[in-house]
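1. sequence first, predicted coordinates after that:
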Amino acid sequence: DVKVTQSSRYLVKRTGEKVFLECVQDMDHENMFWYRQDPGLGLRLIYFSYDVKMKEKGDIPEGYSVSREKKERFSLILESASTNQTSMYLCASRGDRLYEQYFGPGTRLTVT
Amino acid sequence: GEDVEQSLFLSVREGDSSVINCTYTDSSSTYLYWYKQEPGAGLQLLTYIFSNMDMKQDQRLTVLLNKKDKHLSLRIADTQTGDSAIYFCAVQTNDYKLSFGAGTTVTVRA
């Protein structure tokens, strides 16, 4: 069974703080993704990575950066958190087959 | 970019069939998916269909694809209380990008 884990289920941070969201997968997948989920908007792709140290911007990368130093771990970084980044953040990983994208349980981030 | 639209809410009686509809704009999409999200959880892949297929059946789930109208639907037969969740339609627009609809909240009433 594929397992995608995220470091926190709930996180509360203050405006201006640097925030790290961690995602780990155990299936040796090349591809990893970060999405944010907002009511009425569905999921929007922030960044993805198709290999170690490789990253590509998704649809809404502004205010975020990512790091992929090891194959199993993909980190999302909010350099200076703002209230409009309050959201649910979902990590996903995928191997070669397009139809096998697996999601983590999500991190609900509140920025006050 | 790709637009994926689905209605936001569906209420269905237990034991009835549910039908969730989705429309999309990119005719070159390869795979189309239905994901389920239960409260407080991540997304779980329910089923998918390849773009050269019209229909796919998997136990209580039936997916219909009308490529001409760019319309995808998910039918859940004999809907149960455990089917209450948010259902997302998603379309593969390239090797790395899934475009999601806003999600349909399905409520099953006794």
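-> Perfect, I can see it now.
2. against B:K67, how distant is the residue nearest in space to the middle of chain A?
-> Residue closest to the mean C-alpha point of chain A, counted by C-alpha atoms, centre = their mean, is A:W34 at 3.0 Å. Distance, A:W34 to B:K67, by C-beta to C-beta, to the nearest Å: 31 Å. Heads up, the C-betas are built off the backbone N, CA and C, glycines and all.
3. who are the contact partners of A:P105?
-> A:5-6, A:9, B:40-42 (C-beta atoms under 8 Å, 6 or more residues apart in numbering or on different chains).
4. quick check, nearest of those to A:D59?
-> Closest approach between the contacts of A:P105 and A:D59, by C-beta to C-beta: B:G42, at 19.4 Å.
5. partners of the worst-scoring helix or strand of chain A on mean pLDDT, with directions?
-> Using mean pLDDT, DSSP states H and E, the weakest-scoring helix or strand in chain A turns out to be strand A:101-103, at a mean of 91. Strand partners for strand A:101-103, identified by DSSP bridges, are recorded as strand A:87-94 (antiparallel).
6. list the contacts of the partner strand.
-> Applying C-beta under 8 Å, 6+ apart, the set of residues contacting strand A:87-94 is A:2, A:4, A:6, A:21, A:23, A:25, A:27, A:29-38, A:43, A:74, A:76, A:100-104, A:106-109, B:42-43.
7. CA atoms of that strand as PDB?
-> Written as PDB, here are the backbone C-alpha positions of strand A:87-94 (Å, rounded to 0.1, in the frame of the first residue of the first chain):
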ATOM      1  CA  SER A  87      -5.800  26.800   3.600                       C
ATOM      2  CA  MET A  88      -5.700  23.000   3.400                       C
ATOM      3  CA  TYR A  89      -2.500  21.800   1.900                       C
ATOM      4  CA  LEU A  90      -2.300  18.400   0.200                       C
ATOM      5  CA  CYS A  91       0.700  16.500  -0.900                       C
ATOM      6  CA  ALA A  92       0.600  13.800  -3.500                       C
ATOM      7  CA  SER A  93       3.000  11.300  -5.100                       C
ATOM      8  CA  ARG A  94       3.000   9.300  -8.300                       C
END
